[in-house]
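Chemist: Show me the folded form of this:
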Amino acid sequence: MTATTTPEASSVESVPRPGVRRPSLPRLTVVELRKLADTRAGLWLLIVIGLTTAVIVTLQLSYADAADQTFVNFFVPSLLPVGVLLPVLGILSITSEWSQRTALVSYALVPRRERVVAAKLAAVVLATLASVAISLTVAAVGTLIAGATGGAGRWEFDESLLLNAVVFQLANVLMGVGFGLLLLNTPLAIVTYLLLPTVWSIVGSLVPALDRPAGWLDTGRTMEPLLSGVMTGDQWARLAVSLLVWVVVPLA
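Modeler: Numbering: from 1, shown residues only. Reported below is the predicted structural model:
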């Protein structure tokens, strides 16, 4: 089964028939958002993402030192496990079209593949922004509880950290979408996404000749400063190059 657009299919959509309206991109985005929770795998993944954030904050309230129970310390650690799960959601948003055979419907109703892909990208971006908002909310609740139960409960927060958190999560989820579009197979895309960057990171750290290129191409290195403070110009440049290779090229 292929999802390529034939000239006949393109002309069907580009020349609307009387009384037939082409679905708008916002409408397609709403449909794709609904698809994220239509399957059991997608629904449970969304539930696990939400629960993971709550569990991490709960553990910090229970076991972390009182001085460490601050808004930043609640917020940043919750981003890391969610950043691992969000790419899987991005992969499923693409590959489930083939595993569930909904591509037969999607590309019959909207023959222009780029519009469907644009709607999928918009849907996962909105879901990612929602995950950051949930992390902020749960961190705020944790800070309030910490302040009421003897913890530090400090609210100091650098606004640049919020931008970095959004970039961090968007980069992760779009990398997953890229691997999903490239491979169109759920198990293969998930394994490749988890394995290939990890192998490159290990090889780059073990082989001296690759250490310098890895500083520009290893997303493990280039994305780490995002959650540790203010990014320098050199760090943003390294991040941009690594995302060009691991996000833009697979998406293209």
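Chemist: dump the residue contacts of residue 64.
Modeler: For residue 64, the contacting residues are residue 73, by CB atoms under 8 Å, 6 or more residues apart in numbering. C-beta coordinates here come from the backbone N, C-alpha and C atoms, glycine included.
Chemist: So what does it look like in phi/psi?
Modeler: Residue 64 adopts backbone torsions of phi -70, psi 150, taken as degrees, to the nearest 10.
Chemist: again with the one 5 residues further on
Modeler: Note on residue 69: backbone dihedrals following degrees, to the nearest 10 are phi -90, psi 70.
Chemist: elements contacting the longest helix seen in the chain?
Modeler: Determined from DSSP state H, the single longest helix within the chain is helix 113-148. In this structure, helix 113-148 makes packing contacts with helix 25-36, helix 40-63, helix 71-99, helix 103-109, helix 159-183, judged by 3 or more CB pairs under 8 Å, 6 or more residues apart in numbering; DSSP states H and E.
Chemist: Next, the angle helix 40-63 makes with whatever helix or strand residue 196 lives in.
Modeler: According to DSSP states H and E, residue 196 maps onto helix 186-206. Computed with axes from the mean of the first three to the mean of the last three CA atoms, to 10 degrees, the direction of helix 186-206 lies at 50 degrees from that of helix 40-63.
Chemist: coming back round to it: could you dump the helices and strands packed on helix 113-148 to TSV with mean pLDDT?
Modeler: Output for the helices and strands packed on helix 113-148, formatted as TSV (pLDDT from 0 to 100):
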stretch	mean pLDDT
helix 25-36	89
helix 40-63	89
helix 71-99	88
helix 103-109	72
helix 159-183	92
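Chemist: can you put these in TSV and add distance to residue 127 and mean neighbour count?
Modeler: Formatted as TSV, these follow (distance: least, CB to CB, whole Å; neighbours: other CB atoms under 10 Å):
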stretch	distance to residue 127	mean neighbour count
helix 25-36	6	17
helix 40-63	8	15
helix 71-99	7	22
helix 103-109	18	15
helix 159-183	8	21
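Chemist: closest one to residue 150 among the ones you listed?
Modeler: Of all the helices and strands packed on helix 113-148, helix 40-63 sits nearest to residue 150, with 10.6 Å by CB to CB.
Chemist: Give me the pLDDT value at residue 185.
Modeler: Residue 185 is assigned 89 on the pLDDT scale.
Chemist: An error on my part: the question was meant for residue 133.
Modeler: On the pLDDT scale, residue 133 gets 94.
Chemist: tally of neighbours for it?
Modeler: When neighbours are counted by other CB atoms under 10 Å, residue 133 registers 11.
Chemist: what do you get for residue 248?
Modeler: Residue 248 - counted by other CB under 10 Å - has 13 other residues nearby.
Chemist: Who's the closest spatial neighbour of it, skipping the chain neighbours?
Modeler: Spatial nearest neighbour of residue 248, excluding adjacent residues (CB to CB, 6 or more residues apart in numbering): residue 178 at 7.8 Å.
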